[in-house]
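>>> Give me coordinates for this.
(2 chains)
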Number of protein chains: 2
Amino acid sequence: MGPGDDCAVVASSPGPLCVTTDAVVEGIHFRRADGRLEDVGHKALAVNLSDLAAMGARPRWFLCALAAPSLTLGEARALGRGMAALARRFSAALVGGNVSRARELSLTLTAAGTPAGGKPLLRSGGSVGDWLYVSGTLGGARLGLRSLRAKGRGRPVPRAVRRQRRPEPRVALGVLSAPYASAAIDVSDGLLQDLGRLLSASGVGAQLDAARIPVDPDVRLAFARPAGALRFALVGGEDYELLLAVPAGRARAFERACARAGEAVTAIGRLVPGAGLRLLDARGRPLQRLAGGFDHFRTVKR
Amino acid sequence: MGPGDDCAVVASSPGPLCVTTDAVVEGIHFRRADGRLEDVGHKALAVNLSDLAAMGARPRWFLCALAAPSLTLGEARALGRGMAALARRFSAALVGGNVSRARELSLTLTAAGTPAGGKPLLRSGGSVGDWLYVSGTLGGARLGLRSLRAKGRGRPVPRAVRRQRRPEPRVALGVLSAPYASAAIDVSDGLLQDLGRLLSASGVGAQLDAARIPVDPDVRLAFARPAGALRFALVGGEDYELLLAVPAGRARAFERACARAGEAVTAIGRLVPGAGLRLLDARGRPLQRLAGGFDHFRTVKR
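Sure, this is the predicted structure:
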């Protein structure tokens, strides 16, 4: 039963429920001038669905708490359209919400889903020897943000701007990965920072092959020096790709399943004993330590 | 499994789940100067638990999305203490959340519970002939707000101020009512406005006995004319009492169950055929039409 009562009522489902809440706030996560309200609605839902994807969970329902100084019906509809298109694709039902006045526009969504494999993919499941995979490409969203902030200066990068405005949650990949992966996290704050979280939770270290990091092609083009492009890919933020640990014995089968489903994943390294992260260049030599993860506009993600 | 992963993981429960999301926003629902941050944390959770109570649901878990310009650890802890005390009393587990930067402090909570009777109490279940009950007393929270805004002018009303700052969600009454009531709603925007919602949803009208409305004693004292006190009780807002419709055949048993449990409820009228609301004075004559419900600081509750 959807909106219209004191609560929404949702049917129970067998097995556990994964629930997450994430906000997008005007002036922090988006600027009204940067895009259309459809994009804001899309992004608010996408960041929540990305959290579900990282648990290997199928989206089921979500609630939307909207806060705004004022909003025309047309603006509210635009937000709704951005959410609805994404919700339909992933069969997520908007079951309720709240509207409140506030000084700035924000959308705080809560999404729930059921783990495709019966139990969720955790950050803590990784073991020494597991392969590390990342989906898609990295750094594009950060390039898109830079392009938006450059106000017409520099070469336009419409694909990167689109990645920034309309991130694509890797829901199908999350579900597909559930039987293969030992651990997962979504790359929202930059690969290094989010990998660090997976390593801490799993109590292992990692060795990454820098040459195998799937840098976004526009990011490669935007930098004269490859190190600049690599840095965007490692600490960029807002990519909403999935980082997965897969035990070596299941890696081939996982890659075949991804190929069949048309899901792009790249093996970028392995989990190793100890703590911390070593980044190796093409000849296997440790690279200079890179700066820590992007602080995501100082937003702390729990 | 609590915070620390991409999602919280909660065990499934038999039967449906009631879910609600509600925000408290600085400058709209509270002012920092009006009280301690403990009160803000308490209120943020209380308004969500009140929605669960109105469905006859037992609280199970909640998520807390916090947005703030900056917050010291001490301030965050104060918010947490206010929530924790209430959460413990009603066995609601904080399973996850989010922290984001924003220009003003706000807490957007999402709470879930399971209907005590197996199925939830809806607004739409009322039938002609049902008795209408309201819990506790009405108008105190509005008097508390007026007292806070009066800045020392007028007689201090500490009990009313406390009702404004620390509303008490009627969780036990909601659970107790599940086997008896046909419909329920919580009185967050004023009795008239919330009763109007129940009537619309149930497709019936109501007749209220003005003399039986349980006006808060401090509100009675604050007004020279009884009509002023009655108006606060009818349209005051933020009382977070429960309004319940109970079929006549179960009314006696319901009242006995409330008396045994120490839950104060008052029969204030009955559901009648047709639409709309008639308010009768002590001699059964229709009272002058009162102004519509309090608009809750212009916050629209869905």
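>>> From here on, just use CA atoms for contacts and neighbour counts.
Will do.
>>> which strand is the longest one in chain A?
strand A:57-68 (DSSP state E).
>>> for that strand, the distance to its chain's centre please.
In terms of C-alpha atoms, centre = their mean, to the nearest Å, the gap separating the centre of strand A:57-68 from the centre of its chain is 16 Å.
>>> Could you tell me how far the helix or strand just after that strand lies from the centre of the chain?
In the C-terminal direction, the helix or strand that comes right after strand A:57-68 (DSSP states H and E) is helix A:73-89. Mean C-alpha position of helix A:73-89 versus that of the full chain (C-alpha atoms, centre = their mean) differs by 20 Å.
>>> if we can go back for a sec, give me the sheet partners of the longest strand of chain A and which way each runs.
Here the strand partners of strand A:57-68, with direction, are listed using DSSP bridges: strand A:93-101 (parallel), strand A:106-115 (antiparallel).
>>> Helix A:73-89 and that one, what's the angle between them?
Angle, strand A:57-68 to helix A:73-89, by axes from the mean of the first three to the mean of the last three C-alpha atoms, to 10 degrees: 170 degrees.
>>> Please identify the deepest-packed of the strands paired with strand A:57-68.
Most buried of the strands paired with strand A:57-68 by mean neighbour count (mean count of other C-alpha atoms under 10 Å in any protein chain shown) is strand A:106-115; its value is a mean of 27.
>>> Report the distance from that one to the chain centre.
14 Å.
>>> Pull that strand out as PDB, backbone CA atoms only.
Taking only C-alpha atoms (Å, rounded to 0.1, in the frame of the first residue of the first chain), the coordinates of strand A:106-115 have been written out as PDB:
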ATOM      1  CA  SER A 106      17.300  18.300  -0.700                       C
ATOM      2  CA  LEU A 107      16.100  14.800  -1.300                       C
ATOM      3  CA  THR A 108      16.700  12.200   1.300                       C
ATOM      4  CA  LEU A 109      15.700   8.800   0.000                       C
ATOM      5  CA  THR A 110      15.500   5.500   1.800                       C
ATOM      6  CA  ALA A 111      15.700   2.400  -0.400                       C
ATOM      7  CA  ALA A 112      15.200  -1.300   0.400                       C
ATOM      8  CA  GLY A 113      16.000  -4.400  -1.500                       C
ATOM      9  CA  THR A 114      16.500  -8.200  -1.000                       C
ATOM     10  CA  PRO A 115      19.800  -9.900  -1.500                       C
END
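>>> Could you pull up the mean pLDDT of the longest strand of chain A?
Averaged over strand A:57-68, pLDDT sits at 97.
>>> And stretch A:124-139, by the same measure?
This predicted structure assigns stretch A:124-139 an average pLDDT of 98.
>>> Just the CA atoms of it, as PDB, please.
Coordinates of each C-alpha in stretch A:124-139 appear next as PDB, following Å, rounded to 0.1, in the frame of the first residue of the first chain:
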ATOM      1  CA  SER A 124      34.000  -7.600   5.200                       C
ATOM      2  CA  GLY A 125      33.900 -10.900   3.100                       C
ATOM      3  CA  GLY A 126      37.200 -10.500   1.200                       C
ATOM      4  CA  SER A 127      40.100 -12.900   1.700                       C
ATOM      5  CA  VAL A 128      43.800 -13.000   0.800                       C
ATOM      6  CA  GLY A 129      44.100 -14.200  -2.800                       C
ATOM      7  CA  ASP A 130      40.700 -12.800  -4.000                       C
ATOM      8  CA  TRP A 131      40.800 -10.900  -7.300                       C
ATOM      9  CA  LEU A 132      39.600  -7.300  -7.300                       C
ATOM     10  CA  TYR A 133      37.300  -6.200 -10.100                       C
ATOM     11  CA  VAL A 134      35.900  -2.800 -10.800                       C
ATOM     12  CA  SER A 135      33.000  -2.200 -13.200                       C
ATOM     13  CA  GLY A 136      32.900   0.400 -16.100                       C
ATOM     14  CA  THR A 137      35.400   3.200 -16.100                       C
ATOM     15  CA  LEU A 138      36.600   5.600 -13.400                       C
ATOM     16  CA  GLY A 139      37.200   9.400 -13.200                       C
END
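>>> Helices along chain A, start to end?
Listed from the start of the chain, chain A has helices (DSSP state H) covering A:37-54, A:73-89, A:140-149, A:158-165, A:171-177, A:191-202, A:217-222, A:226-235, A:248-261.
>>> quick one on the thing from earlier: let me have the strands paired with strand A:57-68 in a markdown table, extended by mean pLDDT and distance to residue B:7.
As requested, the strands paired with strand A:57-68 are arranged in a markdown table below (pLDDT from 0 to 100; distance: least, C-alpha to C-alpha, whole Å):
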| stretch | mean pLDDT | distance to residue B:7 |
| --- | --- | --- |
| strand A:93-101 | 94 | 18 |
| strand A:106-115 | 97 | 9 |
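>>> and chain A, what are its domains?
In the assignment given by automatic domain parsing, the structural domains of chain A cover A:18-115, A:123-294.
>>> Contacts made by stretch A:254-272 with the rest, please.
In this structure, residues lying in contact with stretch A:254-272 by C-alpha atoms under 8 Å, 6 or more residues apart in numbering or on different chains are A:126-136, A:173, A:176-177, A:180, A:204-210, A:212-214, A:245-246.
>>> Filter the residues you listed down to the ones in strands?
For the contacts of stretch A:254-272, secondary structure assignment (DSSP E) places A:131, A:132, A:133, A:134, A:135, A:205, A:206, A:207, A:208, A:209, A:245, A:246 in strands.
>>> Could you find which two of those are furthest from each other?
Taking every pair in those and measuring C-alpha to C-alpha, the maximum separation is 20.2 Å, between A:135 and A:205.
>>> which regions of chain A sit below the pLDDT cut-off?
Residues of chain A that meet the criterion pLDDT under 70 lie in A:152, A:288-302.
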